[in-house]
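# Sequence below, structure please.
(chains A and B)
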Amino acid sequence: MLKYIIPTIMLMPLTWLSKNNMIWVNSTAHSLLISFTSLLLMNQFGDNSLNFSLLFFSDSLSTPLLILTMWLLPLMLMASQHHLSKENLTRKKLFITMLISLQLFLIMTFTAMELILFYILFEATLVPTLIIITRWGNQTERLNAGLYFLFYTLAGSLPLLVALIYIQNTVGSLNFLMLQYWVQPVHNSWSNVFMWLACMMAFMVKMPLYGLHLWLPKAHVEAPIAGSMVLAAVLLKLGGYGMLRITLILNPMTDFMAYPFIMLSLWGMIMTSSICLRQTDLKSLIAYSSVSHMALVIVAILIQTPWSYMGATALMIAHGLTSSMLFCLANSNYERIHSRTMILARGLQTLLPLMATWWLLASLTNLALPPTINLIGELFVMMSTFSWSNITIILMGVNMVITALYSLYMLIMTQRGKYTYHINNISPSFTRENALMSLHILPLLLLTLNPKIILGPLY
Amino acid sequence: MLRRALRLRLGPCLSGRGLGTYRRGSTLDWDGKVSEIKKKIQSIFPGGAWNPLYDTSHLPPERSDVVIVGGVLGLSVAYWLKRLEKQQGAIRVLVVERDHTYARASTVLSVGGIRQQFSLPQNVQLSLFSAEFLRNINEYLAVVDDPPLDLQFNPSGYLLLASEEGAAIMERNVKMQRQEGAKVCLMSPEQLQKKFPWINTEGVALASYGLENEGWFDPWCLLQGLRRKLQSMGVLFCQGEVTRFISSSSHMETASGEQLTLKRIHEVHVKMDHSQEFQPVECAIVVNAAGAWSGQIAELAGVGNGPPGTMQGTKLPVEPRKRYVYLWHCPQGPGLEAPLVADPSGAYFRREGLGNNYVGSCSEEEPDPGNLEVDYDFFQEKVWPRLAQRVPAFETLKVTDR
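Below is the predicted model of the structure:
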């Protein structure tokens, strides 16, 4: 595990000590190299997990998420180059340092063996994200957004600390290896209800669950591009990952405690998809689509069947790449037009045809076109919820239709039609932007050929 | 006189709402407390130039989708933008105005007339719509809990007089106006004498009289109504002057191989009054509605920088022109049905209020637009003889101080 942590820590002196014109090149190249080493984690031993030490391990659930996290850092650095070009040198280096420290905490979170260590790092990821949102965001509303983000996630996760310490005292250890074998059935009593809620609420807020999702549109919209990317791609999956781990020790209470959350998620995914159809702000549309996709993941995790777990993990990886790509595309729009309103920038296909290809691919994966892994995830979740209860097929079907509607609406609004007269002199796409988009879509398309690596431990 | 009184009455309620930019209603007197704390800190640690809690409420926001520079037309653009947006708050609009009291603006110093008798069909259509807008202004510009607007629309019509040379043009114009839907009628000198006995029809060959939707109103009231409505719709106002446009240019080549540099404004620098402080506002679209000063704004944007004679070298052909307007009192003047009369010699007048006061001038000479001084000798020499010739009752008028 040190082979990932030490190079990531060392990226920080690399940024601070590089020459002025080499900071971007150095940090991007070296983080790309580190992301290639993450592929070593794929060497899993069947059902068991790959244990590095008493503190860190990785199994087939955390491996794809880790690879995604490490893949995303060079992409974030590439995406931030333009909007940071006018800042002074120290600020640029500080921004990169924030991204690197966030990356570090995320790597350690996904591989943490001990649940308290997981919790500490889970909270630690909030700090660099908050700094990135409130300092480098664009509007004055970013302060409000940072506040919402911090306090929602903090308030949700403080009960988790209490619950974890309680479990440590009763079970004896929170080490994940031992927890799997020492787990006892949790009987129905009031204190156990609260313990269940305390464990789950942190991850529900992070996912986010429909009723607790208010921080997400604000944070995603106001964050700079790197912030949006990491929020959408990785931080939301922290919630899913945490839920997948913690449901192990909460049986059999989950069978009936999960009902309100499943209902909220099923209803919420339709609601947020419908809100997407009425959005005028491009980033806001993508943020609400994130909520909608994550609601599917919540439903899948809470019904606890093998197929749903496979669907949840596949959907997490697929959504991470797709959402991040959509945010990059929206940012490339914003850098040219200086506004996020969709109607101000229309008909871009005539002006930027290659970017239109990326828009098309991103929209198609967002609406879960076969044979992408987005479809595999959604399909597995749909099938498992159907077998859990037949009526959910109606809700899932309506959601799929509305998802397709708003993805195509976003595509047609920004790409097709006659372009607005005032954007005929925007600068053409940079190679950096095209590289960014292709590095997003290439893993997504390649995973279509071998989806079993992202289907999680129950494959 | 009436105008000044209105200004005084509406003044306090306008400042009560606050001319600040983005402010959630705070009942805790936050600003007072913050300034007290700042004073305490300064008394303990005097000196130092670093002031982190600087009050920036008078500055415009750091970014906005549309920045509109200007007067009443700018407010109208902002109104329709906000009115037609699909979702509330979709487009962020910022209106930058150099003078919040509008003391030197064209709108409030104007005569405030509306007519359909133009020579371009587009002007007639615009004017017809404006008339309908003004008649139903309380449906368009209604704000909850605020009193309705009283525009004092006097639909007395416009009477344009033409001499022999201009008669043919006038007839053609009236025909076009009637095609567009304006209600205008042509009158011969005899009909004119019968309808308006106080007119001296010497030298008049033809007259066109607007029957409906023409007249005059109070432009200050329209301005305040638009401002009030826009504030309720969420448009941000800022008092400042646009000093600079930051644009990004890209070099492009046309189909015929000619090299061009296309510029795109992405930032506006708004300077505050009486200080060097300015705020860069990042924006997507800038609307130049500055009226008489739009030529200067266009120059800031780089319109007109190029070799003279080409399209790049042509500046925006808008210059401020000054006209004098006088107010006088005449007890024997034309009565309540008098329209706005425009003489072929260039003089015009209209009734103002109900006390036999009249407003008018002559639209001929072009005095220096630098200051807003009124030259009363101009009235004695140029305007009065023409007025007296057209309306004999005006021999005995008395100019009141404006």
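# low pLDDT regions in the stretch 1-150 of chain A?
A:45-46 (pLDDT under 70).
# Would you mind listing what in it touches chain B?
Residues of the stretch 1-150 of chain A found near chain B (C-beta under 8 Å from any C-beta of the partner chain) are A:138-140. No exception for glycine: its C-beta is placed from N, CA and C like everyone else's.
# Show me which of the residues you listed is closest to A:Met76.
A:Met76 has its nearest neighbour among these in A:Asn138, at 16.5 Å by C-beta to C-beta.
# can you confirm B:Thr310 is in a helix?
No. Going by DSSP: H, G, I helix; E, B strand; the rest coil, the assignment for B:Thr310 is coil, not a helix.
# show me where the stretch 151-300 of chain A has helices.
Applying DSSP state H, counting those that start in this stretch to the stretch 151-300 of chain A gives helices spanning A:176-182, A:190-206, A:215-222, A:225-230, A:236-246, A:254-257, A:259-277, A:282-303.
# Next: chain B.
Using DSSP state H, the helices of chain B run over B:2-17, B:30-44, B:72-83, B:121-135, B:137-140, B:167-180, B:189-195, B:219-233, B:294-300, B:376-378, B:384-390.
# The ones you listed: which one's closest to chain A?
Closest approach to chain A among these is made by helix B:72-83 (11.0 Å; C-beta to the nearest C-beta).
# just the angle between that closest one and helix B:219-233, please?
30 degrees (axes from the mean of the first three to the mean of the last three C-alpha atoms, to 10 degrees).
# Show me what counts as buried in helix B:72-83.
B:72-79, B:81-82 (16 or more other C-beta atoms under 10 Å in any protein chain shown).
# sorry, back to before: would you reformat the helices of the stretch 151-300 of chain A as JSON lines and include mean pLDDT, mean neighbour count and distance to B:Lys40?
Below are those laid out as JSON lines (pLDDT from 0 to 100; neighbours: other C-beta atoms under 10 Å in any protein chain shown; distance: least, C-beta to C-beta, whole Å):
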{"stretch": "helix A:176-182", "mean pLDDT": "81", "mean neighbour count": "14", "distance to B:Lys40": "53"}
{"stretch": "helix A:190-206", "mean pLDDT": "92", "mean neighbour count": "20", "distance to B:Lys40": "39"}
{"stretch": "helix A:215-222", "mean pLDDT": "92", "mean neighbour count": "24", "distance to B:Lys40": "33"}
{"stretch": "helix A:225-230", "mean pLDDT": "92", "mean neighbour count": "29", "distance to B:Lys40": "36"}
{"stretch": "helix A:236-246", "mean pLDDT": "92", "mean neighbour count": "24", "distance to B:Lys40": "43"}
{"stretch": "helix A:254-257", "mean pLDDT": "85", "mean neighbour count": "15", "distance to B:Lys40": "53"}
{"stretch": "helix A:259-277", "mean pLDDT": "94", "mean neighbour count": "20", "distance to B:Lys40": "46"}
{"stretch": "helix A:282-303", "mean pLDDT": "94", "mean neighbour count": "27", "distance to B:Lys40": "41"}
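# residues touching the most far-flung residue of chain B relative to its centre, list them.
Here chain B reaches farthest from its C-alpha mean at B:Ile44, the gap being 50.2 Å by C-alpha atoms, centre = their mean. Counting by C-beta atoms under 8 Å, 6 or more residues apart in numbering or on different chains, B:Ile44 makes contact with nothing.
# quick revisit: among the helices of chain B, which is nearest A:Met310?
helix B:72-83 (49.0 Å).
# Which residues does that closest one contact?
Contacts of helix B:72-83 (C-beta under 8 Å, 6+ apart): B:66, B:68, B:91, B:93, B:95, B:97, B:105, B:107, B:140-141, B:219, B:222-223, B:226-227, B:229-230, B:233-235, B:287, B:289-291.
# Can I get the buried part of the residues you listed as one ChimeraX selection?
The ChimeraX command for the buried members of the contacts of helix B:72-83 (criterion: 16+ other C-beta under 10 Å) is given here:
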select /B:66,68,91,93,95,97,105,107,140,141,219,222,223,226,227,229,230,233,235,287,289,290,291
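# Chain A next: which of the contacts of helix B:72-83 are close?
The residues of the contacts of helix B:72-83 that also fall near chain A, by C-beta under 8 Å from any C-beta, are B:Ile91.
# Roughly how far does A:Thr90 sit from A:Thr15?
Applying C-beta to C-beta, to the nearest Å, one obtains 11 Å for the distance of A:Thr90 from A:Thr15.
# between the two, which one's more packed in?
A:Thr15 (22 against 9; other C-beta atoms under 10 Å in any protein chain shown).
# wait, B:Glu352 sits on B:Leu340?
No. Using C-beta atoms under 8 Å, B:Glu352 is not in contact with B:Leu340, being 10.6 Å away.
# quick one: which of those two has more around it?
Comparing B:Glu352 with B:Leu340 by other C-beta under 10 Å, the one with more neighbours is B:Leu340, at 25 against 21.
# From A:Met410, how far off is that one?
53 Å.
# swap in B:Trp384?
67 Å.
# now do A:Met201
Taking C-beta to C-beta, one finds A:Met201 at 32 Å from A:Met410.
# same deal with A:Leu66?
Distance from A:Leu66 to A:Met410, by C-beta to C-beta: 30 Å.
# For the two, indicate the residue with more neighbours.
Shown here are A:Leu66 and A:Met410; by other C-beta under 10 Å, A:Met410 has more neighbours (26 against 23).
# For the helix or strand harbouring A:Thr69, which helices and strands make contact with it?
In the assignment (DSSP states H and E), A:Thr69 maps to helix A:62-80. Judged by 3 or more C-beta pairs under 8 Å, 6 or more residues apart in numbering or on different chains; DSSP states H and E, helix A:62-80 is in contact with helix A:23-37, helix A:89-111, helix A:225-230, helix A:236-246, helix A:306-337, helix A:431-447.
# Could you say which of those helices is packed most deeply?
helix A:225-230 (a mean of 29; mean count of other C-beta atoms under 10 Å in any protein chain shown).
# who touches that one?
With C-beta under 8 Å, 6+ apart, helix A:225-230 has contacts from A:72, A:75-77, A:79-80, A:83, A:95, A:99, A:102, A:129, A:132-133, A:136-137, A:219-221, A:283, A:324, A:327-328, A:331.
# Could you check the pLDDT of residue 334?
Chain wasn't specified; assuming chain A. Looking at A:Tyr334, its pLDDT stands at 91.
# actually it's chain B I care about, not the one you picked
pLDDT, B:Pro334: 74.
# That one contacts B:Trp198, doesn't it?
Yes. At 4.6 Å, B:Pro334 and B:Trp198 qualify as touching, with contact defined as C-beta under 8 Å.
# Quick check: pLDDT value at the most centrally placed residue in chain A.
Nearest residue to the geometric centre of chain A (C-alpha atoms, centre = their mean): A:Ala233, 2.7 Å. The model reports A:Ala233 with a pLDDT of 92.
# surely it meets A:Ser323?
Yes. A:Ala233 is within contact range of A:Ser323, at 6.1 Å (criterion: C-beta under 8 Å).
# Give me the number of neighbouring residues for A:Pro371.
11.
# next one: B:Asn138
For B:Asn138, using other C-beta under 10 Å, the count is 14.
# Please list all residues in contact with residue 339.
Assuming you mean chain A. A:345, B:65, B:283-285.
# actually it's chain B I care about, not the one you picked
Residues counted as contacts of B:Pro339 (C-beta under 8 Å, 6+ apart) are B:156-159, B:209-210, B:214-215, B:350.
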